[in-house]
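Colleague: any chance you can model this:
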Amino acid sequence: MSLLDQVDLSRSLSKAEEARRVPAAQQRLLALRLICGGRVAASAGGTAPPLGPPVLVVFEGWDAAGKGGAIRRLVAPLDPRHVRVVSYGAPTPDEKRHHFMQRFWGQLPGWGGWAVFDRSWYGRVLVERVEGFATPKQWQRAFAEIVDFETTVAAEGMEIIKFWLHISPEEQARRFESRAADPLRAWKLTDEDWRNRSRHDEYTAAVEEMLARTDHEDGRWHVVAADDKRHARVDVLETVASRVEAALRKREIPIPAALGGN
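Modeller: You can find the predicted model right below:
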């Protein structure tokens, strides 16, 4: 059985449970962001608080899987000066003149910073692979290049949190039709989105290989069951909070008792 076949897409949350857990997770994220940025009060000894590690949250997933909704809830409690959200589409003609990783470097967070990428360098082994925008030699080489890149920035302290939002083809079709019927959301749906559904098996094979070959100690994949949007959003928020807390503890940066610290 493939990895994606093992995802339990029946997982769901009630509105009441979402209403309880989303604000709680967002409050944790707000506090953790301030701790990472050295924005909390100075320690009892009068020294300035240390900066936390750079935090990079990468979102990949099927079209209409709910990446945008999850990102909005992730950054909603945060001061926009303290987090960077970057959305990536097809590379520009100038960007194509460089190595495919080049366009991402300038948006990476530094110490104390957070960044959220709506799609990323994984386009090389997904859409560029399936649609023929990269040669077989290029996308096959990219697996090792991506792992090397993530390992390199992680060695410098970066915490990389990677999500694949997984939905069934049936749920994707339902969401496409819902968007098409809504004048305020129809712009999010293109002819290319519909066309890509005809290549679902090819994309599935690409996703499976991507998850298998780019899951490593410094960049684990977290596959989110996203047929139920409420479950997906809570899963994302709580996962990011837990990962950041673990990264702070690893570096012996104090976490307030209210957040489960010592």
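Colleague: tell me where the stretch 51-200 of the chain has helices.
Modeller: Using DSSP state H, counting those that start in this stretch, the helices assigned to the stretch 51-200 of the chain run over residues 67-75, 102-105, 127-130, 136-155, 169-180, 191-197, 200-213.
Colleague: redo the ones you listed as a markdown table? Include mean neighbour count and distance to residue 241.
Modeller: In short, each C-beta sits where N, CA and C put it, glycine included. Converted to a markdown table, the helices of the stretch 51-200 of the chain look like this (neighbours: other C-beta atoms under 10 Å; distance: least, C-beta to C-beta, whole Å):
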| stretch | mean neighbour count | distance to residue 241 |
| --- | --- | --- |
| helix 67-75 | 19 | 10 |
| helix 102-105 | 14 | 25 |
| helix 127-130 | 20 | 30 |
| helix 136-155 | 15 | 19 |
| helix 169-180 | 15 | 26 |
| helix 191-197 | 12 | 32 |
| helix 200-213 | 16 | 23 |
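Colleague: can I get those helices in CSV with mean pLDDT?
Modeller: Below are those laid out as CSV (pLDDT from 0 to 100):
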stretch, mean pLDDT
helix 67-75, 97
helix 102-105, 97
helix 127-130, 97
helix 136-155, 98
helix 169-180, 94
helix 191-197, 84
helix 200-213, 97
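Colleague: for residue 120, find the nearest of those helices.
Modeller: Residue 120 lies closest to helix 102-105 among these, at 6.7 Å (C-beta to C-beta).
Colleague: show me what the closest one is packed against.
Modeller: Counting contacts by 3 or more C-beta pairs under 8 Å, 6 or more residues apart in numbering; DSSP states H and E, helix 102-105 is packed against no other helix or strand.
Colleague: distance from the chain centre to it, please.
Modeller: Centroid separation for helix 102-105 versus its chain: 17 Å, with C-alpha atoms, centre = their mean, to the nearest Å.
Colleague: which ones are touching the residue lying closest to residue 209 once chain neighbours are set aside?
Modeller: Leaving aside its chain neighbours, residue 209 sits nearest to residue 125 (7.3 Å; criterion: C-beta to C-beta, 6 or more residues apart in numbering). By C-beta atoms under 8 Å, 6 or more residues apart in numbering, the contact set of residue 125 is 139, 142, 143, 146, 206, 209, 210, 214.
Colleague: which of those lies closest to residue 181?
Modeller: residue 206 (29.9 Å).
Colleague: for the closest one, what are its contacts?
Modeller: Residues in contact with residue 206 (C-beta under 8 Å, 6+ apart) are 125, 126, 129, 130.
Colleague: closest one of those residues to residue 226?
Modeller: Closest to residue 226, out of all of the contacts of residue 206 and judged by C-beta to C-beta, is residue 126, at 16.6 Å.
Colleague: wait, that closest one touches residue 210, no?
Modeller: Yes. With contact defined as C-beta atoms under 8 Å, residue 126 reaches residue 210; the gap is 6.4 Å.
Colleague: residue 10 and residue 183: what is the separation?
Modeller: Residue 10 is 32 Å from residue 183, where distance means C-beta to C-beta, to the nearest Å.
Colleague: quick one: contacts of stretch 211-222?
Modeller: The contact list for stretch 211-222, computed with C-beta under 8 Å, 6+ apart, reads 3-4, 122, 125, 143, 146-147, 150-151, 154-155, 160-164, 223, 239.
Colleague: can you do 10 Å?
Modeller: 2-4, 56, 58, 60, 121-122, 125, 140, 142-144, 146-155, 158-166, 210, 223, 235-236, 239-240, 243 (C-beta atoms under 10 Å, 6 or more residues apart in numbering).
Colleague: so what does residue 223 look like in phi/psi?
Modeller: Backbone torsions for residue 223, taken as degrees, to the nearest 10, come to phi -90, psi 120.
Colleague: that one and residue 216: what is the separation?
Modeller: In this view, residue 223 and residue 216 are 15 Å apart by C-beta to C-beta.
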